[in-house]
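Here's my sequence, what's the structure:
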Amino acid sequence: MKKQPIPSSELIINEDGSVFHLHIKPEDLADTVIMMGDPDRVNAISYLFDSIEVDKQSREFHTITGKYQGKRVTALSHGIGPDNIDIVMTELDALANIDFKTRLPKLRHRRLSILRIGTCGAAQPDIPLGSYILSHISIGFDGVLNWYKDGEKIFLKDFEEAFVKHMDWPERLGRPYFVRASDTLIQKFQGWTYKGMTVSAPGFYGPQGRSVRLDLTIPDLIPKLESFEHDGYRVSNIEMESSCLAGLAALLGHDAVTVCLAIANRHIKESNPDYKSLIAQLLWRSLETMTA
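This is a model prediction of the structure:
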């Protein structure tokens, strides 16, 4: 049976043929994508490119496509939070796998290789500031994947059950989910990174156990996370995007992983706000790894 075209209300294509939020066209996208929250980091990594062919920006979404050592790469900023990852991943997949003229899925699936670079807070006392943590497994506090029917096919249910029991998880928060990143990309990055099981929170303050003026639903979140272990994994760090990225990539048939620089340690309550040189090193090393 022939599939029906995707209505314009479900996939909005701008008058110039670009996708709605990212404002880039299918031909602007490389197979290798390096994502980061901060638009300025897109400029920083693009300075390493040998050449640039695309440079477009709409709101927080800044995209530069060029070549590094002969390989085509797209650098893209996604802003903050899992809601933005839902937008970016859906539109990247549409650019790769939807014919924008017919609004039908392409007959041949195009598989993207996606790295997200970010910052995080370490959750263990023995992970020092400045560490690079690779999210082998991500814990989604955000709930985004629960809105997609096939999410259950990729969830790590044994981790989930053990975690809910360990945390005495409040029902009002919605059930957390566990997803694994691309094994292909884990193999690429595991030589110089910490093995991570990463919490992705839907906010920076309360959802990450920070109390400024409001009391928290889980006031002892950090020590509870620190003490959770399952199948050789322990919670390594907290950020805001890795679970949604890994889960949507798996469902859509792409490879994705997140590597984060630890700029704070939640156990010892210390932070390093002067981390630009470490991010610059991470950008260069990640670019080298993704194009090797």
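
Now do the strands in the stretch 151-292 of the chain.
Taking DSSP state E, counting those that start in this stretch, the strands of the stretch 151-292 of the chain run over residues 177-180, 194-200, 229-230, 233-239, 255-265, 270-271.

how distant is the longest one from the center of its chain?
Centroid separation between strand 255-265 and its chain, computed with CA atoms, centre = their mean, to the nearest Å, is 9 Å.

The second one too?
Here strand 194-200 is found 12 Å from its chain centre; the criterion is CA atoms, centre = their mean.

tell me which residues of it are tucked away?
Using 16 or more other CB atoms under 10 Å as the burial criterion, the residues of strand 194-200 that qualify are 194, 196-200. All C-beta atoms are positioned from the backbone trio N, CA, C, and that covers glycine.

what does stretch 31-45 give?
Neighbour counts over stretch 31-45 (16+ other CB under 10 Å) mark 32-39, 41-42, 44-45 as buried.

ok, now stretch 154-161?
For stretch 154-161, burial by neighbour count (16+ other CB under 10 Å) applies to 154-156, 159-160.

One more: stretch 231-244?
For stretch 231-244, the neighbour count (16+ other CB under 10 Å) marks 233, 235-244 as buried.

repeat for stretch 65-74
For stretch 65-74, burial by neighbour count (16+ other CB under 10 Å) applies to 65-66, 68, 72-74.

TSV please, covering those residues and showing pLDDT.
TSV is the format used below for the buried residues of stretch 65-74 (pLDDT from 0 to 100):
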residue	pLDDT
Thr65	98
Gly66	98
Tyr68	97
Arg72	98
Val73	98
Thr74	98
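
Tell me which of the residues you listed fall in strands.
Counting by DSSP state E, those place 65-66, 68, 72-74 in strands.

So what does Leu48 have for phi and psi?
Here is the backbone geometry of Leu48 (degrees, to the nearest 10): phi -80, psi -10.

Okay, now the unreliable bits of the stretch 1-150 of the chain?
The stretch 1-150 of the chain contains residues with pLDDT under 70 at 1-2.

Run through the strands of it in chain order.
Counting by DSSP E, counting those that start in this stretch, the stretch 1-150 of the chain has strands at residues 32-36, 51-58, 61-68, 71-77, 98-99, 104-105, 113-122, 132-140.

now the angle from the fourth one to strand 51-58?
In this structure, strand 71-77 runs at an angle of 20 degrees to strand 51-58, with axes from the mean of the first three to the mean of the last three CA atoms, to 10 degrees as the basis.

try the last one
Angle of strand 132-140 versus strand 51-58, following the same axes, to 10 degrees, is 40 degrees.

The longest one too?
Direction vectors for strand 113-122 and strand 51-58, defined by the same axes, to 10 degrees, enclose an angle of 60 degrees.

So what's the gap between strand 113-122 and the chain middle?
The chain centroid and the centroid of strand 113-122 are separated by 6 Å under CA atoms, centre = their mean.

Please apply the same query to the fifth one.
For strand 98-99, the separation from the chain centroid amounts to 24 Å (computed by CA atoms, centre = their mean).

now for that strand, which elements pack on it?
Under the contact definition 3 or more CB pairs under 8 Å, 6 or more residues apart in numbering; DSSP states H and E, strand 98-99 sits against strand 104-105.

Take the buried residues of strand 194-200 and lay them out in a markdown table including distance to Leu261.
Formatted as a markdown table, those follow (distance: CB to CB, whole Å):
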| residue | distance to Leu261 |
| --- | --- |
| Tyr194 | 11 |
| Gly196 | 12 |
| Met197 | 17 |
| Thr198 | 13 |
| Val199 | 16 |
| Ser200 | 16 |
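
between those, which is nearest Arg285?
Nearest to Arg285 among the buried residues of strand 194-200: Tyr194, at 14.1 Å, using CB to CB.

circling back: turn the strands of the stretch 1-150 of the chain into a markdown table, including distance to Cys260.
A markdown table is the format used below for the strands of the stretch 1-150 of the chain (distance: least, CB to CB, whole Å):
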| stretch | distance to Cys260 |
| --- | --- |
| strand 32-36 | 10 |
| strand 51-58 | 24 |
| strand 61-68 | 20 |
| strand 71-77 | 16 |
| strand 98-99 | 31 |
| strand 104-105 | 33 |
| strand 113-122 | 4 |
| strand 132-140 | 5 |
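
out of the ones you listed, nearest to Pro170?
Counting by CB to CB, Pro170 lies closest to strand 132-140 out of the strands of the stretch 1-150 of the chain; the figure is 15.3 Å.

Cool, thanks, signing off.
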